[in-house]
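Enquirer: sequence-free structure coming up:
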């Protein structure tokens, strides 16, 4: 029996129940006349119910059309679509806050258990609120690192990013809300202002204006703009006079201003907070290098060279293309080191093994996740595939070092805003149990780029002002230790956030043990 038939029966029974007494409805025509009136009322109720259901179904139909249209566009080239940070954020938001709204308002109380179970089985892999927060923070990180104006990001005008989508007021509000919950009032102000501006262009607005003003006014106050916070709160109360928090905040702001006395309101300020490490000159240099700015004067830049090298018999016929990027420490890039076949195999084998990358706590020696390193990594052994062994052998010949104590091949994929702030590859003396004694410290880094990155994702060296751009198939090499075994602190480096594109790299780290006669200690203790 259909849903509508059930509704008709229930409504007629409920309407007629008061007139039925021991099956004697048929004994008086006046009672049957009441049934006729009840029938008319049931018809009106049914029409009202059908209209409400039709409205709900129309909204659901628009949601389905939107999903179908979006998936058709995105699945033409999923990797390219998701490499855009705004697309990625909107997708995560679509299946967290937006999907929850659809479920609660249009589906959950109006669908059969069978349909709900089928829907749940398809949505088990949907992102959660932690994913949404991570995607939002990544987008804010990109905005800061690459100095992207808020209005340009919102309208899809991002330098180096092609075909970026426009954001709705609701998208901007969600970014601001997540920043607010993190105590980040700087970004809250930026994105709530943009949301407020966009609501004026939307009909109907995708987020109520009073909700935006509530966040915006308080965050404006927290950024040191009491008079502007009061103005925004008054505007909020004009739209929603019964807003309790707005009423309290208005009184509070008025009291603060009365204590300060009547002064001309100062210029509005919204300064980006630089706390702890982010206030350091190194972090500033790191961000400038990521943006492609020149931070150092290199007096020996005229000595940098490009040449073919044949330092191993395997390269006599097919020499390596070597580019010297810096002299001291010596940083070189070898072009076209890996084939497409090798890189595809590495990504294929590594993908199911990828896990959130960790760092070693310098005090406890334990591995843990950290906000300054956002990526996923996995490890491949030479025995996993002949091509992995082939890459290891090529690394050995290229580095001219032994593989006796080398680490497995580490494969890293950087997602939305993926990055790794400045760090050393070698272990410093205060770091506990960083490497096994039989290996020794990391003497050399060998990093290969397996994708071209459209924008961002450079490897930068803040101490010396060097920037390496990812180039598919190229490998960068440098020594982490001086010949006396001490760490070379000029090799401190970082992976800039990926602005758009997909960044895959693989790393090999050579260790001290076994290299004693290949790279012997110098007679000078300072070398």
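Expert: Perfect, I can see it now. Keep in mind that this is a model prediction, so the values were computed, not measured. Numbers count the residues shown, from 1 in each chain.
Enquirer: what's the mean pLDDT across the host helix or strand of residue 101?
Expert: Assessed by DSSP states H and E, residue 101 sits inside helix 99-102. Throughout helix 99-102, pLDDT has a mean value of 89.
Enquirer: what residues of whichever helix or strand comes after it count as buried?
Expert: As assigned by DSSP H and E, the chain's next helix or strand after helix 99-102 is helix 113-123. When burial is assessed from 16 or more other Cβ atoms under 10 Å, helix 113-123 yields no buried residues. The way it works is simple: take the backbone N, C-alpha and C, and place the C-beta from them, glycine included.
Enquirer: I'd like to know which elements the helix or strand following helix 113-123 is packed against.
Expert: Of the helices and strands lying after helix 113-123 in sequence (DSSP H and E), the nearest is helix 129-145. On a contact count with 3 or more Cβ pairs under 8 Å, 6 or more residues apart in numbering; DSSP states H and E, helix 129-145 meets helix 85-93, helix 150-154, helix 169-181, helix 281-290.
Enquirer: ok, now with 6 Å
Expert: helix 85-93, helix 169-181 (3 or more Cβ pairs under 6 Å, 6 or more residues apart in numbering; DSSP states H and E).
Enquirer: closest to residue 339 out of those helices?
Expert: Minimum separation from residue 339 across the helices and strands packed on helix 129-145 (Cβ to Cβ) falls at helix 85-93, 29.4 Å.
Enquirer: so the closest one versus helix 169-181, what angle?
Expert: 80 degrees (axes from the mean of the first three to the mean of the last three Cα atoms, to 10 degrees).
Enquirer: report the angle between helix 85-93 and helix 129-145.
Expert: 160 degrees.
Enquirer: please tell me how far the residue nearest to residue 418 when sequence neighbours are not counted sits from residue 496.
Expert: Of all residues not flanking residue 418 in the chain, residue 375 sits nearest, at 4.6 Å (Cβ to Cβ, 6 or more residues apart in numbering). Applying Cβ to Cβ, to the nearest Å, the value for residue 375 to residue 496 is 12 Å.
Enquirer: rewinding a little: among the helices and strands packed on helix 129-145, which is nearest residue 53?
Expert: Using Cβ to Cβ, those put helix 169-181 closest to residue 53, at 25.7 Å.
Enquirer: check which helices and strands the closest one sits against.
Expert: helix 129-145, helix 185-199.
Enquirer: confirm residue 476 sits in a strand?
Expert: Yes. Applying DSSP: H, G, I helix; E, B strand; the rest coil, one finds residue 476 inside a strand.
Enquirer: so who does it touch?
Expert: Shown here is residue 476, whose contacts under the criterion Cβ atoms under 6 Å, 6 or more residues apart in numbering are 333, 447, 468.
Enquirer: could you check the pLDDT of it?
Expert: 98.
Enquirer: residue 377: what's it in contact with?
Expert: 357, 410, 412.
Enquirer: which residues does it bridge with?
Expert: residue 355, residue 412 (DSSP bridges).
Enquirer: give me the pLDDT for it.
Expert: On the pLDDT scale, residue 377 is placed at 93.
Enquirer: measure it to residue 412 for me?
Expert: Distance of residue 377 to residue 412, given as Cβ to Cβ: 5 Å.
Enquirer: sorry, back to before: can you check which residues contact both of residue 375 and residue 496?
Expert: Counting by Cβ under 6 Å, 6+ apart, no residue touches both residue 375 and residue 496.
Enquirer: more neighbours: the two, which one.
Expert: Per other Cβ atoms under 10 Å, whichever of residue 375 and residue 496 has more neighbours is residue 496, with 29 against 18.
Enquirer: give me the element residue 421 is part of.
Expert: Short version, using DSSP H and E: residue 421 is in strand 419-423.
Enquirer: partner strands of that strand, parallel or antiparallel?
Expert: According to DSSP bridges, strand 419-423 forms sheet pairs with strand 373-374 (antiparallel), strand 493-495 (antiparallel).
Enquirer: quick one on the thing from earlier: give me the buried positions along the helix holding residue 101.
Expert: Residues 99, 102 are the ones in helix 99-102 that count as buried (16+ other Cβ under 10 Å).
Enquirer: go on, stretch 61-68?
Expert: residue 63.
Enquirer: related to what we said a few turns ago, what's downstream of the strand holding residue 421, the next helix or strand?
Expert: Following strand 419-423 in sequence, per DSSP H and E, is strand 442-449.
Enquirer: what sits up against that following strand?
Expert: Under Cβ under 6 Å, 6+ apart, the answer for strand 442-449 is 338, 395, 399, 425-426, 470-471, 474-481, 505-512, 515.
Enquirer: again, only this time at 8 Å
Expert: 337-338, 391, 395, 398-399, 401, 425-427, 435, 459, 470-481, 491, 503-512, 515, 519 (Cβ atoms under 8 Å, 6 or more residues apart in numbering).
Enquirer: where does the chain dip in pLDDT?
Expert: Scanning the chain for pLDDT under 70 picks out 1-28, 30, 262-264, 359-373.
Enquirer: confirm residue 510 sits in a helix?
Expert: No. Read with three-state DSSP, residue 510 is strand and lies in no helix.
Enquirer: next one: the helix holding residue 101 to chain centre, how far?
Expert: 21 Å (Cα atoms, centre = their mean, to the nearest Å).
Enquirer: from the contact counts, what lies against the host helix or strand of residue 236?
Expert: Using DSSP H and E, residue 236 maps to helix 226-239. Packing partners of helix 226-239 (3+ Cβ pairs under 8 Å, 6+ apart): helix 209-222, helix 244-260.
Enquirer: pull out the buried residues from the contacts of residue 476.
Expert: Buried among the contacts of residue 476 by 16+ other Cβ under 10 Å: 333, 447, 468.
Enquirer: format the residues you listed as JSON lines; extra columns: distance to residue 268.
Expert: Formatted as JSON lines, these follow (distance: Cβ to Cβ, whole Å):
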{"residue": "333", "distance to residue 268": "46"}
{"residue": "447", "distance to residue 268": "45"}
{"residue": "468", "distance to residue 268": "40"}
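Enquirer: to which secondary structure element type does the closest residue to residue 390 other than its chain neighbours belong?
Expert: Distances taken as Cβ to Cβ, 6+ apart place residue 342 nearest to residue 390, at 6.9 Å, with adjacent residues excluded. Classification of residue 342 by three-state DSSP places it in helix.
Enquirer: from residue 393, how far off is residue 342?
Expert: For residue 342, the distance to residue 393 (Cβ to Cβ) stands at 12 Å.
Enquirer: any idea how many residues pack against the nearest residue to residue 434 once chain neighbours are set aside?
Expert: Excluding the flanking residues, the one nearest residue 434 by Cβ to Cβ, 6+ apart is residue 427, at 3.3 Å. Residues near residue 427, counting by other Cβ under 10 Å, number 18.
Enquirer: could you do residue 109 as well?
Expert: By other Cβ under 10 Å, 8 other residues sit near residue 109.
Enquirer: how close does it sit to residue 53?
Expert: For residue 109, the distance to residue 53 (Cβ to Cβ) stands at 12 Å.
Enquirer: again, but for residue 293
Expert: In terms of Cβ to Cβ, residue 293 sits 59 Å off from residue 53.
Enquirer: can I get the contacts of residue 377 in TSV including distance to residue 63 and neighbour count?
Expert: TSV is the format used below for these (distance: Cβ to Cβ, whole Å; neighbours: other Cβ atoms under 10 Å):
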residue	distance to residue 63	neighbour count
357	36	20
410	42	17
412	37	22
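Enquirer: now tabulate these in CSV and tack on distance to residue 60.
Expert: Putting the contacts of residue 377 into CSV (distance: Cβ to Cβ, whole Å) gives the following:
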residue, distance to residue 60
357, 40
410, 46
412, 41
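Enquirer: between those, which is closest to residue 178?
Expert: residue 357 (22.5 Å).
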